[in-house]
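Engineer: give me a 3D structure for the following:
(chains A and B)
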Amino acid sequence: DSGVTQTPKHLITATGQRVTLRCSPRSGDLSVYWYQQSLDQGLQFLIQYYNGEERAKGNILERFSAQQFPDLHSELNLSSLELGDSALYFCASSDSSSGNTIYFGEGSWLTVV
Amino acid sequence: AQSVTQPDIHITVSEGASLELRCNYSYGATPYLFWYVQSPGQGLQLLLKYFSGDTLVQGIKGFEAEFKRSQSSFNLRKPSVHWSDAAEYFCAARGTDKLIFGTGTRLQVFP
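Structural biologist: As a prediction, this is how the structure comes out:
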């Protein structure tokens, strides 16, 4: 158990809908990262937050957004969903803004039908 | 551009055989290096990491990896593979920001 908690574990939704994925980082970790894993794109970095502020942005679509709350949990919002958004979404955390070791949650499986 | 390459998409070994998974990186300076394992339907578990110092690092589950600066490599090894090691293995690297992953190597273990 990495200590990173993600909910829901599985989610099935229709195209055009909006979903929210939730992440609780390890206790004391200030940085939260979101990654997308799909068959065709592999593991892609989406976005990083540090203590509530956006720190780095990767291949995140404009239809996607994220935030980190004062209690350090984070949410990834996916809107206007398309079939191609079906993927495993990982949250990860580390203990400093340039944290050397990043620990991953078990992921949220999103299926768009 | 920063990148991590795992040249082997799929490797098959017999149980009890030795294993080496290859990883090469391309970075401006030596990055922090990691190996993660993902079992089917599971998340990413950290096997080991290299930051500096001794170039041979030990990890969990009997794995080790050797950093070779001259070859820009960080290969993962295990002397005797168990059936439970069947999984996908990811090499990853980071400089000052995000973690970049290789495409993964799927390990299949035959009894």
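Engineer: interface residues of chain A facing chain B?
Structural biologist: A:2, A:33, A:42-43, A:45, A:48, A:55-56, A:58, A:90, A:92, A:98, A:100-107 (CB under 8 Å from any CB of the partner chain). Yep, even glycine has a C-beta here, placed from its N, CA and C like the rest.
Engineer: buried subset of the residues you listed?
Structural biologist: Buried members of the residues of chain A next to chain B, counted by 16 or more other CB atoms under 10 Å in any protein chain shown: A:2, A:33, A:43, A:45, A:48, A:55-56, A:58, A:90, A:92, A:101-107.
Engineer: mind checking which of the residues of chain A next to chain B are in strands?
Structural biologist: Assignment to strands by DSSP state E places the following of those there: A:33, A:42-43, A:45, A:48, A:55-56, A:90, A:92, A:103-104.
Engineer: ok, the closest residue to A:Cys91 other than its chain neighbours - contacts?
Structural biologist: Leaving aside its sequence neighbours, A:Cys91 sits nearest to A:Cys23 (CB to CB, 6 or more residues apart in numbering or on different chains; 3.3 Å). With contact set as CB atoms under 8 Å, 6 or more residues apart in numbering or on different chains, A:Cys23 has these partners: A:4-6, A:32, A:34, A:73-76, A:91, A:93, A:105.
Engineer: re earlier: and the ones in strands among the residues of chain A next to chain B, which two are furthest apart?
Structural biologist: The distance between the two most remote of these (CB to CB) is 22.2 Å, for A:Gly42 and A:Arg55.
Engineer: my read: A:Pro70 touches A:Gly52, true?
Structural biologist: Yes - contact criterion CB atoms under 8 Å: A:Pro70 and A:Gly52 qualify, at 6.4 Å.
Engineer: of the two, who's got more company?
Structural biologist: A:Gly52 (14 against 7; other CB atoms under 10 Å in any protein chain shown).
Engineer: any weak-confidence spans in chain B?
Structural biologist: Residues of chain B that meet the criterion pLDDT under 70 lie in B:96.
Engineer: for it, what lies in contact range of chain A?
Structural biologist: Within reach of chain A by CB under 8 Å from any CB, chain B has these residues: B:32, B:34, B:36, B:42-46, B:49, B:51, B:90, B:94, B:96-101, B:103-104.
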